[in-house]
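Peer 1: Okay, here's the prediction I keep looking at, along with the sequence it came from:
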Amino acid sequence: MQFFPIGNKVPRQSRVSHSKDNFDAIRLFAALVVVYGHAFALTGTAVPTIFGNNVSTIAVKVFFIISGYLVIESWRRDPSVSRYLSRRSLRIFPGLVVCTLLSAFLLGPLVTSLSLGEYFTSPLLPHYLLNILLRPQAFLPGVFEHNIFPKTVNGSLWTLPIEFGMYIVSPLLVLWGRGEKTRIILGAIGLCGLSLYVVFAKPDLGTHGQTISDALEVAPYFLLGAFWRIAAPQTIFNAQLALLLLFLLPLIPEGPLSEIGLYLVLPYAILSASLCQPALLRSAGRFGDFSYGVYIYGFPIQQTLSFYLHTQGQPFLNFGLSVVPTLVLAALSWRFVEKPFLSLKPRRQQTSVKSAVSSESAAAGSV
C-alpha cells in the first residue's frame, strides 16, 4: 500500500488499496491451486492439466501475471533503485528466511533418518541454507528419503529467484519517460519468443538446460502483466469477454500455438477478474495477504503428511489434510514476519504538487 503526497495531505483517490479489487482473493486461490497440484505429484498420481499445462504451472503463471502488473507500477510511481529494491526484498526475503530456517532446524531434525549428530554435521545442512540467497536447494540430510517424491523438502522455492530476476529486468526495460510502452511491448514479445523456442524446440543448453527451460516457461508472464499495466487502459478489461476467451482457448491444439493463445488470453482473463466491479471477492484480504505463506509452506507440509500418513495414491487426502495447517502457518507468517517487515518499506519522498497530481492517473494496484 502506498500514498501520493501533495503538500501535507494525501488525496483520497490516490490511495492504493486492494479492498476495491480481487487481487488478494485470486492470489490466495492460485496459491491453493499450487498446493492442490503438488498433492498429485507428491502422492505419485498424474497431475491434472488445463490449457496444456499442469494446474500448478498455470497457478504460478497467474502469480507472475499479477506480480508484473502490480510491481511495474510500483517502479513507475517511484523510480528510485534503492527504494524499489528495498520494497521487493522486504516482500520476498523475510518469509523465505524464516521458512528456510524452520525447515532446516525444526522440520529436518524431526523427520530425518539420521541421528541428530549426523544431521547437524552433514554438509547438506549449510548447503540448504543457500535457499535464503535465492539459490534453490532441495535436500536436507536424511529427510524424506523414502517419500513418493523423495528427498525434496520444498519444491516451491524454484520460482523465487525467477521472480526476483524479473523484478530487476522489468524496470531496466521500462526505465522512465517516453518509449516505455514500446520497450515493454518489445521486451514481452522477445521473451515470449525465446520461451517458445527453448520450451518447444528444446535446444541443448548443457547441464542447466532444464532449469533455464523451467524459468523461461513462466518468466514471460511477468512481462505480460507489466505490458497490460503500461500499454492498456483499465477500461479494456471485461470479465464476460475474458470468460468467453477462456472457454475458446482449449480449441487451440496443444503446442506452441496453445502457449501463444495462453500468452494472449490468460493475462487478460486474470486481470479482468481481478479488476472487475463490483469486486465481490474484495474481502479476501481483510485479515492479511496469506498467498505467499501458503505458497512457501504448502510443499513441506504436504511432504510431512506423506511421510507420517503415507498418503501415496491419495492426492485428495493429502490436499485436504494440508490446507488447514498450511493456512495456519501462512497466517502466522503474515502476522509475525511478512507484515512487520513490509511496514519497513521506504516511503516515496515528498514530490512537487505537479508530480503528485500526475501520479493520481495511475490505477490502484501495487505491492
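Peer 2: Alright, I've got the coordinates.
Peer 1: Now do the SS call for the residue nearest the centre of the chain.
Peer 2: The chain has Phe63 as the residue nearest its centroid, 4.0 Å off, counting by Cα atoms, centre = their mean. Under DSSP: H, G, I helix; E, B strand; the rest coil, Phe63 falls in the helix class.
Peer 1: Who are the contact partners of Gly190?
Peer 2: With contact set as Cβ atoms under 8 Å, 6 or more residues apart in numbering, Gly190 has no partners. (Each C-beta comes from the backbone N, C-alpha and C, glycine too.)
Peer 1: any idea what sits nearest the residue nearest to the centre of the chain, other than its immediate chain neighbours?
Peer 2: The shortest distance from Phe63 to any non-neighbouring residue, by Cβ to Cβ, 6 or more residues apart in numbering, is to Ala30 (5.6 Å).
Peer 1: Roughly how far does that neighbour sit from Gln303?
Peer 2: Counting by Cβ to Cβ, to the nearest Å, the separation of Ala30 from Gln303 is 20 Å.
Peer 1: Could you do Phe63 as well?
Peer 2: Distance, Phe63 to Gln303, using Cβ to Cβ: 21 Å.
Peer 1: Also Leu129?
Peer 2: Relative to Gln303, and taking Cβ to Cβ, Leu129 is found at 18 Å.
Peer 1: the more surrounded of those two?
Peer 2: Shown here are Leu129 and Gln303; by other Cβ atoms under 10 Å, Gln303 has more neighbours (28 against 16).
Peer 1: Which of the helices or strands spans that one?
Peer 2: helix 291-309 (DSSP states H and E).
Peer 1: pull the CA atoms of that helix into PDB?
Peer 2: Presented in PDB, the C-alpha positions along helix 291-309 are these (Å, rounded to 0.1, in the frame of the first residue of the first chain):
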ATOM      1  CA  SER A 291      -0.900 -16.200  -0.500                       C
ATOM      2  CA  TYR A 292       2.900 -16.100  -0.200                       C
ATOM      3  CA  GLY A 293       2.800 -18.100   3.100                       C
ATOM      4  CA  VAL A 294       0.600 -20.700   1.500                       C
ATOM      5  CA  TYR A 295       3.000 -20.900  -1.400                       C
ATOM      6  CA  ILE A 296       6.200 -21.400   0.600                       C
ATOM      7  CA  TYR A 297       4.800 -23.600   3.400                       C
ATOM      8  CA  GLY A 298       2.400 -25.900   1.400                       C
ATOM      9  CA  PHE A 299       5.100 -28.200  -0.100                       C
ATOM     10  CA  PRO A 300       6.900 -29.100   3.100                       C
ATOM     11  CA  ILE A 301       3.700 -29.600   5.000                       C
ATOM     12  CA  GLN A 302       2.500 -32.000   2.200                       C
ATOM     13  CA  GLN A 303       5.800 -33.900   2.300                       C
ATOM     14  CA  THR A 304       5.500 -34.200   6.100                       C
ATOM     15  CA  LEU A 305       2.000 -35.600   5.800                       C
ATOM     16  CA  SER A 306       3.100 -38.000   3.100                       C
ATOM     17  CA  PHE A 307       6.000 -39.100   5.500                       C
ATOM     18  CA  TYR A 308       3.800 -39.700   8.500                       C
ATOM     19  CA  LEU A 309       0.500 -40.700   7.000                       C
END
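Peer 1: Which neighbouring elements make contact with it?
Peer 2: Using 3 or more Cβ pairs under 8 Å, 6 or more residues apart in numbering; DSSP states H and E, the elements in contact with helix 291-309 are helix 23-41, helix 81-102, helix 315-333.
Peer 1: Which residue, neighbours along the chain excluded, lies closest to Ile72?
Peer 2: Per Cβ to Cβ, 6+ apart, closest to Ile72 is Ala226, 3.9 Å.
Peer 1: Counting neighbours, what do you get for the one you found?
Peer 2: Count around Ala226 with other Cβ under 10 Å applied: 32.
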